[in-house]
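Engineer: below are the sequence and a predicted model for it; my questions follow.
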Amino acid sequence: MINNEQEKQLYYLVCDISKICKEYFYERKYLPRDAWSMDSVVKEIYMTSKNLKKKYDDYKKENKLK
């Protein structure tokens, strides 16, 4: 089982993804096309979700050993 501190760290990563999405849609709606990039948003989400998956897998593995 994942402990509270580990769960909190995973929560923050999920919040980061949400923040990226929120900023993207705000920029898309209110800023000119050259102020935002779909490529950069996808890359940011990918990197954050990759980090989220890695941490989650590490925590699961770590907690199985205990």
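Structural biologist: Here it is on my side, so go on. Numbers count the residues shown, from 1 in each chain.

Engineer: quick check: which ranges of this structure have low pLDDT?
Structural biologist: Screening the chain residue by residue with the criterion pLDDT under 70, one finds the ranges 66.

Engineer: show me where it has helices.
Structural biologist: 4-30, 38-65 (DSSP state H).

Engineer: including mean neighbour count, could those helices go into TSV?
Structural biologist: Every C-beta, even on glycine, is put in place using the N, C-alpha and C of the backbone. Supplementary listing: the helices of the chain in TSV, determined by neighbours: other Cβ atoms under 10 Å:
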stretch	mean neighbour count
helix 4-30	13
helix 38-65	12
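
Engineer: just give the closest residue to S49, not the sequence neighbours.
Structural biologist: Using Cβ to Cβ, 6 or more residues apart in numbering and skipping residues adjacent in sequence, the residue nearest S49 is I17, 6.2 Å away.

Engineer: the one you found contacts K50, correct?
Structural biologist: No. Because the distance of 10.9 Å does not satisfy Cβ atoms under 8 Å, I17 is recorded as not touching K50.

Engineer: give me phi/psi at W36?
Structural biologist: Phi and psi for W36, reported as degrees, to the nearest 10, are phi -140, psi 160.

Engineer: next one: K60 from V14, what distance?
Structural biologist: As judged by Cβ to Cβ, to the nearest Å, K60 and V14 stand 16 Å apart.

Engineer: do L52 as well
Structural biologist: Using Cβ to Cβ, we find L52 at a distance of 7 Å from V14.

Engineer: what do you get for E23?
Structural biologist: Shown here: E23 relative to V14, a distance of 15 Å by Cβ to Cβ.

Engineer: M38 too?
Structural biologist: Noted for M38: a distance of 21 Å to V14, by Cβ to Cβ.
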